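Visitor: here is a sequence together with a model predicted from it:
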Amino acid sequence: MTGYINSELINTNIIDLHKPNLEKIGQNFELIPAYGSVTYEATLLKHVNESMPVEVHVSQITIVQEVYLQWILKDIREQKKVDQLREDLSAMLYHDLRSHWQISFPAWISWPIYCLCLNQRH
């Protein structure tokens, strides 16, 4: 997913892999223990100067009385594609319905109806 080999990832700081959402986790990760775990969307910086959208889930865990932060990054490229398709479809439907309405009811017909509706409210 990242293009890094395991030995490179072990020595890589999480900040070098993505830009953390400091509003959610805190400047020095101090908000993570308070919330238990934090989830946010970010952009993963891949090894070959590429990037990809990810969902980041970070939580504080304890292993043999040592406290660690566990970072789980989930690839959400397909979800983003579906979201974009949904937005495009909504925009097309809105445009088509609006265009159909304008063709069916020209301004000179709908204007008096609009005026009558306004007069009925009083």
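Guide: The structure has been received and is ready for your questions. Numbers count the residues shown, from 1 in each chain.
Visitor: mind giving me the packing neighbours of the longest helix seen in the chain?
Guide: Using DSSP state H to define each element, the chain has its longest helix at helix 77-104. In terms of contacts (3 or more C-beta pairs under 8 Å, 6 or more residues apart in numbering; DSSP states H and E), helix 77-104 is packed against strand 51-63. Backbone N, C-alpha and C define where each C-beta goes, glycine included.
Visitor: what's the following helix or strand past the strand it packs on packed up against?
Guide: The helix or strand immediately downstream of strand 51-63 is strand 66-75, counting by DSSP states H and E. For strand 66-75, the packing partners by 3+ C-beta pairs under 8 Å, 6+ apart come out as helix 14-17, strand 51-63.
Visitor: so which of those comes closest to residue 29?
Guide: Closest to residue 29 of those is strand 51-63 (C-beta to C-beta; 7.9 Å).
Visitor: what residue is smack in the middle of this protein?
Guide: Note on the chain: the residue nearest the mean C-alpha position is residue 41, at 5.5 Å, using C-alpha atoms, centre = their mean.
Visitor: go ahead and confirm it touches residue 77.
Guide: No: using C-beta atoms under 8 Å, residue 41 is not in contact with residue 77; the gap is 11.8 Å.
Visitor: any idea what residue 37 is bridged to?
Guide: Beta-bridge partners for residue 37, by DSSP bridges, are residue 59.
Visitor: dump the residue contacts of it.
Guide: Going by C-beta atoms under 8 Å, 6 or more residues apart in numbering, residue 37 touches 57-60.
Visitor: residue 19 now?
Guide: 42-43.
Visitor: that older thread, to residue 6, which of the helices and strands packed on strand 66-75 lies closest?
Guide: Across the helices and strands packed on strand 66-75, closest to residue 6 is helix 14-17 (C-beta to C-beta), at 13.7 Å.
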